[in-house]
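In: 3D, please:
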Amino acid sequence: MQRRNFMKILGVSTASLSYASFFGASILNAKENKLLGFESIDINTKDIVVVPKDYEVKPLISWGDPLFSSAKEFDESKIINEDSINNATLTFGDNTDGMSVFELSEDSYIMCVNNEYINPEHMFNHNGKNMTLDDVRYEQNSLGVSIFEIKKDKNGDFNIVKDSKYNRRITAHTPMEVSTLRGFDRIKTKDDKNGERILGTINNCANGKTPWGTYLACEENFDDFFGSSNKKLELNESEKRYGVGVDSVYKWELDSRFDISKNRNEPNRFGYVVEIDPYNPNSTPIKRCALGRFKHENAEVLINKDGHVVVYMGDDEVNEFIYKFVSKNKFDSKNNKNNRNLLESGTLYVAKFTNGKNELEGTGEWIELSYGKNGLIKENGFFSYEDILIDTRLAASFVGATPMDRPEWIVADNNSRFVYATLTNNTKRTEAGAANPRVKNQYGHIIRWWHKDNNHNSTKFKWDIFLLAGNPMQYPNDLRKGTSNITKDNMFNSPDGLAFDKFGRLWIETDGKYSNEGDFLGMGNNQLLCANPNTGEVRRFLSGPIGCEITGIAFSKDYKTMFIGIQHPGENLLPSHYPNGGDSTPRSTIVQIRHKNGNVIGS
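Out: Alright, predicted model coming up:
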């Protein structure tokens with residue numbers, strides 16, 4: 001990297017550089033509207049959730065808590081039998097992740113929450129080492145999506161409304177409709193010979209919320225659940241690219257549906273965005289295959305100024321890509337029935353980034369992934385539009401998309417002008433490139449892009465780096481220091497979740513190393529930070545218990561209650577007993593946070 005550009009990174013925040021060049025230098029001297037009104041907290045290595053001194057935090061729901069009166073409470077005995085397997089469909093699932101709330105009244109909401117995966121080391125007395133088919137069935141009912149009503153009481157706390165008509169669990173067995181790929185040969189199985197209905201959704205990571213009132217659950221590391229009883233099975237190019245192998249992480253090949261030697265097409269039925277109607281508990285979820293098949297993190301939905309729906313998505317794996325989908329038809333605020341089909345058809349694009357005057361900014365283009373365009377033809381191994389949707393990664397590589405440092409959450413600001421994306425980390429990167437300026441990127445960074453005339457349907461864009469996470473105490477003279485808005489008081493690594501509140505604050509969640517030593521000294525447990533996107537200032541708002549990831553974020557309509565997910569506390573048998581303490585099993589939990597004086601969160 002040229003010395004002048006390296007010094008820019010070390011001496012001036014990229015936020016200041018970018019906004020100065022885009023809006024004019026006068027903004028740097030303008031009086032800044034104070035967005036961050038809380039006192040930053042210190043790092044935390046304890047087994048608790050820490051928030052600023054003027055705030056309070058309380059659990060809302062934990063893995064195993066009943067959604068219905070007929071459900072049994074969480075059982076510390078961890079006995080797996082037919083009763084416990086069935087009971088899992090009546091309780092909150094494991095490992096809370098992306099979430100959204102849907103308003104019923106000023107004091108009540110439907111909450112939709114992804115239950116991404118499971119932690120066998122805490123779920124079973126054998127710590128996942130001696131799996132049986134019943135254990136697998138219990139796991140299959142413990143992930144997916146949890147939907148339930150919450151209501152505020154007279155003290156201002158939200159509580160679960162048991163037996164609400166909206167309460168439901170969506171699991172690995174829930175029937176799903178197939179959109180776009182319906183009837184295609186590569187999704188047909190011996191149990192679904194017509195390719196018309198898929199059972200279940202798994203590894204739902206982050207989420208999306210549509211303007212027409214539906215919830216989007218995004219399937220990520222689905223390959224972890226597939227294996228083969230035939231260990232000599234020869235894998236094809238597509239299976240290898242998606243990580244599907246003969247040995248699964250969770251031993252679900254004990255269930256023949258997830259044994260690829262017996263059901264070769266079953267993996268092709270996962271890796272999609274699933275659309276769910278939270279207001280209709282009898283509705284059938286729909287796999288929106290037109291948005292491509294890859295390891296979806298979240299789906300950021302916005303309405304372009306021409307009326308087309310645009311969905312931004314990241315593929316959460318090192319050296320994978322950033323995508324956008326543009327709907328064929330337009331949003332109609334007066335025809336919600338028509339809007340329900342907007343994700344049925346459209347055009348999928350993948351991003352290619354190019355450096356500009358320095359490594360901190362540049363230009364880019366969206367490359368269309370349509371059959372017959374950009375070399376996506378049978379002579380190059382792509383035989384149909386449907387094949388491209390199933391092998392989206394292969395198509396994106398073929399057209400020359402830019403491999404990124406694990407693209408995770410993507411969000412647009414409140415004016416839908418700037419789009420931000422977390423690039424969580426990539427220790428496998430051996431050469432710096434456009435939008436990914438560090439080799440062995442162990443700290444991660446956040447980029448953003450914008451289009452001319454705020455037109456998200458454009459195929460050209462500009463980009464810059466909003467911040468590089470780093471450790472200025474360990475590496476004061478190295479690119480690993482990060483940008484100048486990273487200090488000893490707000491250090492973090494592996495930015496993951498992102499969200500804007502309606503006031504323009506950018507909330508950043510982390511899923512990184514929590515050793516608090518070596519390269520990560522001074523970072524403590526995973527955390528929630530808040531940034532002022534106009535100045536680049538970053539403050540630490542929350543830190544979580546031992547071994548957890550901070551993920552999933554939602555707000556009440558008045559923004560006086562924040563909901564945050566505490567995922568996998570005590571993973572890998574680390575010494576956590578959150579949230580109940582003592583010798584209790586650590587349990588993934590959603591917490592609710594309020595200011596003691598009833599102020600807006602973050603103000």
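In: hang on, residue 295 packs against residue 224?
Out: No. Taking CB atoms under 8 Å as the contact criterion, residue 295 and residue 224 are not neighbours in contact, 10.1 Å apart. Glycine gets a C-beta too; all of them are placed from N, C-alpha and C.
In: Those two - which one has more neighbours?
Out: Looking at residue 295 and residue 224 with other CB atoms under 10 Å, you find the greater number of neighbours at residue 295, namely 23 against 17.
In: For the more buried one, report the pLDDT, please.
Out: Among the per-residue scores, residue 295 holds a pLDDT of 98.
In: Look up how far residue 273 lies from it.
Out: 12 Å (CB to CB, to the nearest Å).
In: okay, and the common contacts of those two?
Out: Overlap of the contact sets of residue 295 and residue 273 (by CB atoms under 8 Å, 6 or more residues apart in numbering) consists of residue 219.
In: quick one: low-confidence parts of the stretch 451-600 of the chain?
Out: Residue ranges of the stretch 451-600 of the chain with pLDDT under 70: none are present.
In: Could I get the full set of strands for it?
Out: Here the stretch 451-600 of the chain has its strands, by DSSP state E, counting those that start in this stretch, at 460-468, 495-500, 506-510, 527-531, 538-543, 549-555, 561-567, 589-595.
In: Can you tell me the element residue 343 falls in?
Out: Assigned by DSSP states H and E, residue 343 belongs to no helix or strand.
In: what sits against it?
Out: Going by CB under 8 Å, 6+ apart, residue 343 touches 179, 210, 273, 275, 288, 290, 291, 309, 311, 325, 327.
In: Can you lay out the residues you listed as CSV showing secondary structure, neighbour count and pLDDT?
Out: As requested, the contacts of residue 343 are exported to CSV (DSSP: H, G, I helix; E, B strand; the rest coil; neighbours: other CB atoms under 10 Å; pLDDT from 0 to 100):
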residue, secondary structure, neighbour count, pLDDT
179, strand, 20, 97
210, coil, 21, 98
273, strand, 29, 98
275, strand, 26, 98
288, strand, 24, 98
290, helix, 23, 98
291, helix, 27, 98
309, strand, 23, 98
311, strand, 28, 98
325, strand, 25, 98
327, strand, 24, 98
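In: Okay, helices next: where are they in the stretch 51-200 of the chain?
Out: For the stretch 51-200 of the chain, applying DSSP state H, counting those that start in this stretch gives helices covering 82-87, 120-123, 133-140.
In: outside of the second one, which residues touch it?
Out: With contacts defined as CB under 8 Å, 6+ apart, helix 120-123 is touched by 78, 94, 127-128, 131, 135, 138-139, 142, 250, 570-573, 585-587.
In: buried subset of those residues?
Out: By the neighbour-count criterion of 16 or more other CB atoms under 10 Å, the contacts of helix 120-123 include these buried positions: 94, 128, 131, 135, 138-139, 142, 250, 570-571, 585-587.
In: From the residues you listed, pick the one nearest residue 267.
Out: Minimum separation from residue 267 among those (CB to CB) is found for residue 250, which lies at 14.0 Å.
In: Strands of the stretch 1-150 of the chain, start to end?
Out: With DSSP E, counting those that start in this stretch, the ranges of strands along the stretch 1-150 of the chain come out as 55-62, 96-105, 108-115, 144-152.
In: Which one, of these, ends up nearest to residue 376?
Out: Taking CB to CB as the criterion, residue 376 comes closest to strand 96-105 out of the strands of the stretch 1-150 of the chain, the separation being 30.6 Å.
In: The closest one packs against which elements?
Out: Applying 3 or more CB pairs under 8 Å, 6 or more residues apart in numbering; DSSP states H and E, we find strand 96-105 packed against strand 108-115, strand 204-209, strand 215-219, strand 549-555, strand 561-567, strand 589-595.
In: got the contact list for the helix or strand encompassing residue 287?
Out: Taking DSSP H and E as the definition, one finds residue 287 inside strand 286-288. With CB under 8 Å, 6+ apart as the test, strand 286-288 has contacts from 176-181, 198, 201, 216, 269, 272-275, 343-344.
In: which among the residues you listed gets closest to residue 257?
Out: Comparing these against residue 257 with CB to CB places residue 269 closest, at 9.9 Å.
In: distance of the residue nearest the centre of the chain from residue 127?
Out: Among the residues of the chain, the smallest C-alpha distance to the mean C-alpha position (CA atoms, centre = their mean) belongs to residue 206, namely 2.9 Å. Here the criterion is CB to CB. By it, residue 206 lies 28 Å from residue 127.
In: Equivalent analysis for residue 587, please.
Out: Residue 587 is 16 Å from residue 127, by CB to CB.
In: mind listing what's buried in stretch 278-290?
Out: Residues of stretch 278-290 classed as buried: 278, 285, 286, 287, 288, 289, 290 (neighbour count, 16+ other CB under 10 Å).
In: now stretch 594-603
Out: Applying a neighbour-count criterion of 16+ other CB under 10 Å, one finds 594, 595, 600, 601, 602 buried in stretch 594-603.
In: Give the buried residues for stretch 467-480.
Out: With burial defined by 16+ other CB under 10 Å, the residues of stretch 467-480 counted as buried are 467, 468, 469, 470, 471, 472, 479, 480.
In: so residue 50 sits right up against residue 43, yeah?
Out: No. With contacts defined as CB under 8 Å, residue 50 does not count as touching residue 43, sitting 9.0 Å away.
In: Need the overlap of contacts for these two.
Out: Contact criterion CB under 8 Å, 6+ apart; residues bridging residue 50 and residue 43 by contacting each: residue 543.
In: What is the least confident helix or strand in this protein?
Out: helix 14-23 (a mean of 37; mean pLDDT, DSSP states H and E).
In: How about residue 416: what's its closest non-neighbour residue?
Out: Beyond its immediate neighbours in the sequence, the residue positioned closest to residue 416 (CB to CB, 6 or more residues apart in numbering) is residue 302, lying 4.9 Å away.
In: I'd say residue 111 and residue 563 touch.
Out: Yes. Under the contact definition of CB under 8 Å, residue 111 touches residue 563, with a separation of 7.4 Å.
In: Identify the contacts common to these two.
Out: Taking CB under 8 Å, 6+ apart as the contact definition, residue 111 and residue 563 share the neighbouring residues 99, 101, 554, 590.
In: To what extent is the nearest residue in space to the last one that is not next to it in sequence buried, counted in neighbours?
Out: Meaning residue 590. The shortest distance from residue 590 to any residue that is not its chain neighbour, by CB to CB, 6+ apart, is 4.6 Å, and that residue is residue 60. Burial of residue 60, expressed as a neighbour count using other CB under 10 Å, amounts to 23.
In: Bridged to residue 105, which residues?
Out: In this structure, residue 105 bridges to residue 108 when assessed by DSSP bridges.
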